[in-house]
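> Structure for the following, please:
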Amino acid sequence: MNTDNQFFNEQWQLYQKVLNNNYMGHQEIYGILHDFLGNYFQTPFSLLDLGCGDASFTTQALLNTLISAYKGIDLSEVALEIAQGNLERIPCEKTFIQDDILTAVNQLVKQQEYSFDVVITSFALHHLSLEEKDSVIGQIFHLLKPHGILIIIDAIRLSAEDRETYIKRYLNNVRQDWSLISSQEYAMIENHISTCDFPESQNTLSAIARKHNFDRYECLYEDDFETTQLLCFYKAGLS
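Numbers count the residues shown, from 1 in each chain. Sure, this is the predicted structure:
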């Protein structure tokens with residue numbers, strides 16, 4: 001908990017600055033997500049949010065939709081406390097779990113008590129190794145109802161890029177376009193991305209999804225810099 005509080009004390013303001021200035025395209029992404037959820041689901045739906053953080057933008061995406069149940073999972077107790085406050089605006093059943101994504105998903109599958117119409121993970125999956133991404137996506141398939149959807153909002157590298165090339169290109173965009181970021185804040189961002197980010201290409205993620213029997217996928221959003229995408233992976237209905 002002390003480590004958690006320290007993280008928020010040191011980096012929360014920077015995180016909010018990035019969001020408030022829309023440097024990562026959250027306004028466009030979650031506007032598209034809001035429209036998608038509203039149009040796709042004409043009956044009540046349940047949603048599992050993996051790595052939910054403070055759920056501030058997810059709350060905006062869920063406004064005026066037919067969501068009936070929300071489950072948020074995050075490693076940070078502080079973020080979950082803020083998420084509970086943000087989601088008070090959404091009139092549905094809500095539960096929160098403090099855990100890492102890998103452990104939580106495995107536990108939910110083992111319990112065999114839960115299934116969801118939507119599983120969403122936003123800017124969290126790229127922190128996992130390729131093997132961990134494979135495992136999580138496979139487990140998510142078992143948590144989805146027939147016709148369920150996995151939504152991945154994340155850093156996505158070009159097919160021809162390796163990790164180092166993507167990170168160099170992304171950080172170059174940060175230097176050029178995140179104009180209100182100080183040199184000290186840039187150093188924090190550079191350190192985080194260089195040590196914690198392991199983005200995959202769209203082709204790699206779609207291949208993993210096919211391996212785990214997802215029926216099809218589509219890209220609903222890609223930013224102008226070709227660094228971030230919103231991908232939907234669809235589970236087929238019962239035959």
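
> buried ones in stretch 195-213?
Residues Asp197, Phe198, Pro199, Glu200, Ser201, Gln202, Thr204, Leu205, Ser206, Ile208, Ala209, His212 are the ones in stretch 195-213 that count as buried (16 or more other CB atoms under 10 Å). (Each C-beta comes from the backbone N, C-alpha and C, glycine too.)

> nearest to Ala160, of the residues you listed?
The closest of the buried residues of stretch 195-213 to Ala160 turns out to be Ser201 (CB to CB; 8.5 Å).

> was I right about the closest one contacting Ile156?
Yes. With contact defined as CB atoms under 8 Å, Ser201 reaches Ile156; the gap is 6.6 Å.

> Does anything pack onto the helix or strand containing Ile208? Which helices or strands?
Applying DSSP states H and E as the criterion places Ile208 in helix 202-211. Applying 3 or more CB pairs under 8 Å, 6 or more residues apart in numbering; DSSP states H and E, one finds that helix 202-211 makes contact with helix 130-143, strand 144-157, strand 216-222, strand 228-234.

> a markdown table please, covering these and showing mean pLDDT.
Output for the helices and strands packed on helix 202-211, formatted as a markdown table (pLDDT from 0 to 100):
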| stretch | mean pLDDT |
| --- | --- |
| helix 130-143 | 97 |
| strand 144-157 | 97 |
| strand 216-222 | 97 |
| strand 228-234 | 98 |
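
> quick one: which of these is nearest Glu28?
Comparing the helices and strands packed on helix 202-211 by CB to CB, strand 216-222 comes nearest, at 6.6 Å.

> Kindly export the closest one (C-alpha atoms) in CSV.
Extracted in CSV, the C-alpha atoms of strand 216-222 (Å, rounded to 0.1, in the frame of the first residue of the first chain):
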residue,chain,number,x,y,z
ARG,A,216,-13.4,-12.4,-36.3
TYR,A,217,-12.0,-9.0,-35.4
GLU,A,218,-12.2,-5.4,-36.5
CYS,A,219,-10.3,-2.2,-35.8
LEU,A,220,-12.6,0.6,-34.8
TYR,A,221,-9.9,3.3,-34.2
GLU,A,222,-6.3,4.0,-35.0
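
> which residues are in contact with that strand?
25, 28-29, 32-33, 36, 156, 202, 206, 209, 228-234 (CB atoms under 8 Å, 6 or more residues apart in numbering).

> Could I have the buried ones of the residues you listed as PyMOL selection syntax?
Restricted to buried positions by 16+ other CB under 10 Å, the PyMOL selection for the contacts of strand 216-222 reads:
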select buried, resi 25+29+32+33+36+156+202+206+209+228+229+230+231+232+233+234
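
> was I right about Ala69 contacting Cys92?
Yes. The pair Ala69 and Cys92 passes the contact test of CB under 8 Å, sitting 5.8 Å apart.

> And the buried residues of stretch 195-213, which is closest to Val118?
Closest to Val118, out of all of the buried residues of stretch 195-213 and judged by CB to CB, is Ala209, at 15.0 Å.
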